[in-house]
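K.L.:
from the sequence below, what's the structure:
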Amino acid sequence: METIERIKQDIIVILLWFIEKLDKRLSHPVQQALSILKSGELSDTDLTAAIEDKIKQMTAGVSGDPLIIETQAYLRLMGFPIGSFGPNQNGIDAKYGDATREALGLFERMHQIEPTGEITPTATLALLEKQAYNGANFRQLVKEAWERGVRPDIGKAVSKAAFVNVIYYYAVIDEFDSKVPAAVTTAQAILESGYGQSVPVDVNTKQYSYNLFGIKGTGPAGSVNSWTREETSSGIWEPQLARFKAFHSFEESIKGHSQFFYDNLKRYGAAFQTNNPKDFAREIARAGYATDSKYADKLIYLIDYWGLV
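P.N.:
Residues are numbered from 1 along each chain as shown. The predicted structure follows:
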């Protein structure tokens, strides 16, 4: 029996090793699990206990509805963007707010379950628990959902949490190919578009650009002329009419955003030398991506606020 358990553990180690090689930006809990397994010290029972201990640490000091706390713990463990609320600043606060509701809804859509807006112990919560204890992480689940044909929809007028969850989903898919950190892509989309509420629209034709990142020029759907604000060398923000790229969808906008870095690789190449999203943000800001002198700080704040790392 001990030999069989050891073989099972070795297989898991090998699988996690391949995952690690494919994606250097694994969620922190999965990295911890990988380290534990590599040590060869834990049985399946011990590993379950280790996960339970981690959940205890994550939920320490949180009181309220146990169903909500459990849901938030599983979502956080797997790396869903549920925010930095609660006493431990990890999104676990026993409140069923927009951040938790939208993350749970995305989890359900990824598993092709019709979102109800409610926590169902015998369906969604049971699946959350199973995935969490199987060591699943957000990136893995996104990839599997994408291969099943899951394409979360996002309208032009949605809540901040809904915007973050869906943009993060598509940013992760893009990251597999582009290596542009999904956390940075999402934070930039938030900052540049005001959670999708300030996307450039042509002042004359009213064409909607789907441009989440304020990238100037001509895109797949042409361009739009729209007002923006730029910070001058003296630190004064002034209005300016500029020509922005237009896209056919937000997904296309995300791909265009990553392509922009490669089109200007000489300028932004240093950013690709790091696996740390926050350092990536610092490098593109240092290279002059935006005129805002606080640009990197703002991106890092959003990454931390939504728990994107």
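K.L.:
isn't S63 up against K95?
P.N.:
No: the criterion here is Cβ atoms under 8 Å, and S63 misses it with K95 at 11.2 Å. (Each C-beta comes from the backbone N, C-alpha and C, glycine too.)
K.L.:
comparing those two, which residue is more hemmed in?
P.N.:
Neighbour count, other Cβ atoms under 10 Å: between S63 and K95, K95 has more, with 17 against 10.
K.L.:
tell me the confidence at the more buried one?
P.N.:
Looking at K95, its pLDDT stands at 96.
K.L.:
doesn't it belong to a helix?
P.N.:
No: secondary structure of K95 (DSSP: H, G, I helix; E, B strand; the rest coil): coil, not part of a helix.
K.L.:
and the gap between it and G64?
P.N.:
Using Cβ to Cβ, to the nearest Å, K95 is found at 7 Å from G64.
K.L.:
try F261
P.N.:
Using Cβ to Cβ, we find F261 at a distance of 43 Å from G64.
K.L.:
helix or strand right after the helix or strand where F260 lies?
P.N.:
Using DSSP states H and E, F260 sits within helix 250-263. Where DSSP H and E defines the elements, the next helix or strand beyond helix 250-263 is helix 265-268.
K.L.:
how about low-confidence regions in the stretch 151-300 of the chain?
P.N.:
Residues of the stretch 151-300 of the chain meeting the criterion pLDDT under 70: 156-157, 230-234.
K.L.:
strands of that one, start to end?
P.N.:
223-231, 237-245 (DSSP state E, counting those that start in this stretch).
K.L.:
mind giving me the domain split of this structure?
P.N.:
2-150, 176-306 (automatic domain parsing).
K.L.:
rebuild these as a markdown table, extending it with distance to Y169.
P.N.:
Shown next, in a markdown table, are these (distance: least, Cβ to Cβ, whole Å):
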| stretch | distance to Y169 |
| --- | --- |
| domain 2-150 | 6 |
| domain 176-306 | 9 |
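K.L.:
indicate which one of those domains is closest to V166.
P.N.:
Of all these, domain 2-150 sits nearest to V166, with 7.1 Å by Cβ to Cβ.
K.L.:
pLDDT on stretch 59-69, on average?
P.N.:
96.
K.L.:
if we can go back for a sec, so F261 and G64 - more neighbours on which side?
P.N.:
More crowded of F261 and G64, by other Cβ under 10 Å: F261, with 20 against 13.
K.L.:
tell me the contacts of the nearest residue to the more buried one once chain neighbours are set aside?
P.N.:
Closest residue to F261 apart from its sequence neighbours, by Cβ to Cβ, 6 or more residues apart in numbering: Y268 at 4.8 Å. Going by Cβ atoms under 8 Å, 6 or more residues apart in numbering, Y268 touches 261, 283-284, 287, 289.
K.L.:
go again using 10 Å as the cut-off
P.N.:
180, 260-262, 280, 283-284, 286-289 (Cβ atoms under 10 Å, 6 or more residues apart in numbering).
K.L.:
surely F163 and V199 touch.
P.N.:
No: between F163 and V199 there is no contact under Cβ atoms under 10 Å: 11.0 Å.
K.L.:
can you give me the helices for the stretch 51-200 of the chain?
P.N.:
66-78, 98-110, 124-133, 138-147, 160-178, 182-193 (DSSP state H, counting those that start in this stretch).
K.L.:
okay, those helices, which one's buried deepest?
P.N.:
Among these, the stretch with the highest mean neighbour count (mean count of other Cβ atoms under 10 Å) is helix 182-193, at a mean of 25.
K.L.:
so that one versus helix 160-178, what angle?
P.N.:
130 degrees (axes from the mean of the first three to the mean of the last three Cα atoms, to 10 degrees).
K.L.:
so what's S249 up against?
P.N.:
154, 170, 210, 220-221, 255.
K.L.:
for the helix holding F260, name the packing helices and strands.
P.N.:
Other elements packing on helix 250-263 under the criterion 3 or more Cβ pairs under 10 Å, 6 or more residues apart in numbering; DSSP states H and E are helix 160-178, helix 182-193, strand 237-245, helix 265-268.
K.L.:
alpha carbons of it, as CSV, please.
P.N.:
Taking C-alpha atoms only, helix 250-263 is exported to CSV below (Å, rounded to 0.1, in the frame of the first residue of the first chain):
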residue,chain,number,x,y,z
PHE,A,250,-12.5,43.5,-26.0
GLU,A,251,-10.7,40.2,-26.7
GLU,A,252,-9.2,41.6,-29.8
SER,A,253,-8.2,44.7,-27.9
ILE,A,254,-6.3,42.5,-25.4
LYS,A,255,-4.4,40.8,-28.2
GLY,A,256,-3.7,44.2,-29.7
HIS,A,257,-2.3,45.4,-26.4
SER,A,258,0.2,42.6,-26.2
GLN,A,259,1.1,43.0,-29.9
PHE,A,260,1.9,46.6,-29.1
PHE,A,261,4.7,45.6,-26.8
TYR,A,262,6.2,43.3,-29.4
ASP,A,263,5.9,45.9,-32.1
